[in-house]
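Peer 1: just coords:
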């Protein structure tokens, strides 16, 4: 059903980056660059945080596709991660919308600080069906895919296996996969039980994170678990890819000798 080699590439939470670094005093210099007073800055496609000249921070860009049924909250989820206002009324996304989020992290191994530039791609389900060119554009050079389901929509949860199986095809190569359950705070209307989520995690060996359905908070703690998880998995995946490429190069050199 799924590739066992993919399962081995999921790092333990907090093993690659310092997961609570956003709470530390030393991180304020970096997180202040993505804040304006107490609110998040809205970065355009050509904008980026500006650090002091004596602080050298490398920025790593990643493309993330948000997958899920219509109505699960893909657009609201992207807005929440960026600290933007969440629409009160649901409207189907008519084309491709992109949202840029900058997030600083500290590597656990060497204490190095990095800025992750996460560009989230969101496309409406009906638009994907109507226009054949949209899905290939979303999938082109993608680094990660977020599979969204709603705790208030059982069918969106049952559809996860089908979605993930399509992304496990060899043609996609190594792509980070994370599952997000939205509207977790609407427990009175919950259609997905905790035991179902636990069974899913055991079967697929993928991280499942939860987010609410209400208005986004102004603090970093609301989005830190999701952005840290995504950053950790992306960096871990890059290290695996870099290591494999290095081994392949060494093997080729040994053959030539």
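Peer 2: Yep, that arrived. These figures come from a predicted structure and were not determined experimentally.

Peer 1: quick one: secondary structure of residue 80?
Peer 2: Under the three-state scheme (DSSP: H, G, I helix; E, B strand; the rest coil), residue 80 adopts helix.

Peer 1: residue 235 and residue 15 touch, don't they?
Peer 2: No. Using Cβ atoms under 8 Å, residue 235 makes no contact with residue 15, being 10.8 Å away. The way it works is simple: take the backbone N, C-alpha and C, and place the C-beta from them, glycine included.

Peer 1: who's more crowded, these two?
Peer 2: residue 235 (20 against 11; other Cβ atoms under 10 Å).

Peer 1: roughly how far apart are the more buried one and residue 229?
Peer 2: 11 Å (Cβ to Cβ, to the nearest Å).

Peer 1: could you pull out the strands for this structure?
Peer 2: Ranges of strands within the chain are 35-36, 39-40, 58-67, 96-106, 113-123, 144-150, 176-182, 208-210, based on DSSP state E.

Peer 1: could you dump the ones you listed to TSV with distance to residue 196 and mean neighbour count?
Peer 2: Converted to TSV, the strands of the chain look like this (distance: least, Cβ to Cβ, whole Å; neighbours: other Cβ atoms under 10 Å):
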stretch	distance to residue 196	mean neighbour count
strand 35-36	37	12
strand 39-40	33	16
strand 58-67	19	19
strand 96-106	29	20
strand 113-123	25	21
strand 144-150	10	24
strand 176-182	10	24
strand 208-210	10	15
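
Peer 1: could you measure the residue positioned nearest the centre of the chain against residue 131, distance?
Peer 2: For the chain, residue 230 is the residue whose C-alpha lies nearest the centre (Cα atoms, centre = their mean; 4.3 Å). In this view, residue 230 and residue 131 are 27 Å apart by Cβ to Cβ.

Peer 1: with residue 239 instead?
Peer 2: Here residue 239 is placed at a distance of 36 Å from residue 131 (Cβ to Cβ).

Peer 1: so residue 234 sits against residue 143, correct?
Peer 2: Yes. Taking Cβ under 8 Å as the definition, residue 234 is a contact partner of residue 143 at 6.1 Å.

Peer 1: residues that sit against both of those two, list them.
Peer 2: Here residue 234 and residue 143 share the contacting residues 62, 176, scored by Cβ atoms under 8 Å, 6 or more residues apart in numbering.

Peer 1: out of the strands of the chain, which comes closest to residue 198?
Peer 2: Judged by Cβ to Cβ, the one of the strands of the chain that comes nearest to residue 198 is strand 208-210, at 8.8 Å.

Peer 1: parallel or antiparallel, list what pairs with the closest one.
Peer 2: Strand pairing for strand 208-210, determined by DSSP bridges: strand 176-182 (parallel).
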